[in-house]
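K.L.:
Got a predicted model here, sequence first, then my questions.
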Amino acid sequence: MKIQKTHISDLYVIEPTIIDDTIIKYNKEIFKKNGLDMNFVQDNESLSKQNVLRGLHIQIEKPQGKLVSVLEGEIYDVAVDLRKGSKTYLKWYGVNLSEKNKKMFYIPEGFAHGFFVVSEFAKVTFKVSNYWDPNDEIGIPWNDPTINIIWPLNGNTPLIAEKDQHYEEIKNSKYF
């Protein structure tokens, strides 16, 4: 298992171990030895079609850390550091995750998360450190000018869920 640091502290891209036809994606002991001591309590999956852009989501009172991977297709996955006092506060990092590259994205608590579907469709799986609570989830716009994420839209118009169309820009949010 190869665990790569990003330019944002506590945010990692992970390449699983592949032995013959077996893919070892998560091994608690290996993660722990590398300082990634997250306790996962729930697994989630989402299925989205091409050009769907989900997020950017975060839970406030019940924050979730995530381990994101793609079972089918390809996404551009993004995490935004919303940890007040962090040296990388409001910085973002993006990575392509796909069934071909088998990479995973380790996102700790305190980050907003979103993704854009690059392929015809994508099946995304999330291991999370806290239970999903729709009443605790808020978001920031995918195109917030303060953060200025560069999404690989390639001229396509992203398909945004109704709930993701009405978030306040970060400069107007009482949470950040």
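P.N.:
Looks like it came in fine.

K.L.:
what's the weakest-modelled helix or strand in the protein?
P.N.:
Sorting the helices and strands of the chain by mean pLDDT, DSSP states H and E puts strand 22-24 at the bottom, at a mean of 82.

K.L.:
Return the distance of residue 64 relative to residue 132.
P.N.:
7 Å (CB to CB, to the nearest Å). Any C-beta I mention is one placed from the backbone N, CA and C, and that applies to glycine too.

K.L.:
rewinding a little: contact partners of the least confident helix or strand of the chain?
P.N.:
With contacts defined as CB atoms under 8 Å, 6 or more residues apart in numbering, strand 22-24 is touched by 1, 16-18, 102.

K.L.:
Flag every buried residue along it.
P.N.:
Buried residues in strand 22-24, counted by 16 or more other CB atoms under 10 Å: none are found.

K.L.:
thinking again about what came up before, quick one: which of residue 64 and residue 132 has more around it?
P.N.:
Between residue 64 and residue 132, counting by other CB atoms under 10 Å, residue 64 is the more crowded of the two (28 against 15).

K.L.:
can you pull the contacts of that one?
P.N.:
With contact set as CB under 8 Å, 6+ apart, residue 64 has these partners: 109, 128-130, 132.

K.L.:
Next: residue 71.
P.N.:
45, 99, 123-125.

K.L.:
any idea which of the residues you listed is closest to residue 26?
P.N.:
Comparing the contacts of residue 71 against residue 26 with CB to CB places residue 125 closest, at 10.6 Å.

K.L.:
secondary structure element for the closest residue to that closest one other than its chain neighbours?
P.N.:
The shortest distance from residue 125 to any non-neighbouring residue, by CB to CB, 6 or more residues apart in numbering, is to residue 45 (5.0 Å). Using DSSP states H and E, residue 45 falls within strand 42-49.
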